[in-house]
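*Asks:* quick one: sequence and predicted model below, then my questions.
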Amino acid sequence: MPTNSEVLRKVLLNHFPEWKDFVHASSNREESESGFEVLSLPVREDLGGHTLSIYDLGDTFLLAYNDTKARRPAEQQIVFGDSGSEEGAKAVVEWLRGFIDERIVVVRFRYRWLWHSPYTLIFFRQRGQRIKKPVAVISWRGTYDYAADAV
């Protein structure tokens, strides 16, 4: 019986064959604090170091976008539980299509809490969703990019 990571890998390669160099084989997968990394994909060279990663957490797939500036990556969890990893993998592909089609964007905010130094956090948001005072918006192809500071 294939592992969740193997199922996700197969589904990803069926839908995104051009990502074959970025999908990790199950035999050499690395376990991190976030689980088993299945994909680590560089995003747009002009952004300098941004990555989209997918982790297998057992009954959940975690999609994480790291922009190198925020404290933590933007994260989206796909929980499949008893419905099976095949359904979870299909949900991951559906979410990725929304991100690639730029219906989902990454939004960076600057926070300041009391006297502490300001820091930035990033989140995934639906493109049409009202966003109050973002520092930056990042989209897959750059169509909706916005930067109050350099992205």
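*Replies:* Noted; the coordinates are in hand.

*Asks:* residues in contact with stretch 86-101?
*Replies:* Stretch 86-101 is contacted by residues 4, 7-8, 10-12, 15-16, 52, 54, 60-61, 63, 76, 78-80, 104, 124, 140 when judged by C-beta atoms under 8 Å, 6 or more residues apart in numbering. (C-beta placed from N, C-alpha, C; glycine too.)

*Asks:* mean confidence (pLDDT) on that stretch, please.
*Replies:* Stretch 86-101 carries an average pLDDT of 95.

*Asks:* then the helix ranked longest in the chain to CSV, C-alphas only?
*Replies:* Ranked by residue count, the top helix of the chain under DSSP state H comes out as helix 85-100. Listed next in CSV are the C-alpha coordinates belonging to helix 85-100 (Å, rounded to 0.1, in the frame of the first residue of the first chain):
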residue,chain,number,x,y,z
SER,A,85,-4.8,10.5,0.8
GLU,A,86,-6.1,10.3,-2.8
GLU,A,87,-8.8,12.7,-1.9
GLY,A,88,-6.3,14.9,0.0
ALA,A,89,-4.0,14.9,-3.0
LYS,A,90,-6.8,16.0,-5.3
ALA,A,91,-7.7,18.8,-2.9
VAL,A,92,-4.0,19.9,-2.9
VAL,A,93,-4.0,20.0,-6.8
GLU,A,94,-7.3,22.0,-6.7
TRP,A,95,-5.8,24.5,-4.3
LEU,A,96,-2.6,24.7,-6.3
ARG,A,97,-4.6,25.5,-9.5
GLY,A,98,-6.3,28.3,-7.6
PHE,A,99,-2.8,29.7,-6.6
ILE,A,100,-1.4,29.3,-10.1
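
*Asks:* following element in sequence after the lowest-mean-pLDDT helix or strand in the chain, please.
*Replies:* Least confident helix or strand of the chain, by mean pLDDT, DSSP states H and E, is strand 31-32 with a mean of 54. Note on strand 31-32: by DSSP states H and E, the next helix or strand toward the C-terminus is strand 35-42.
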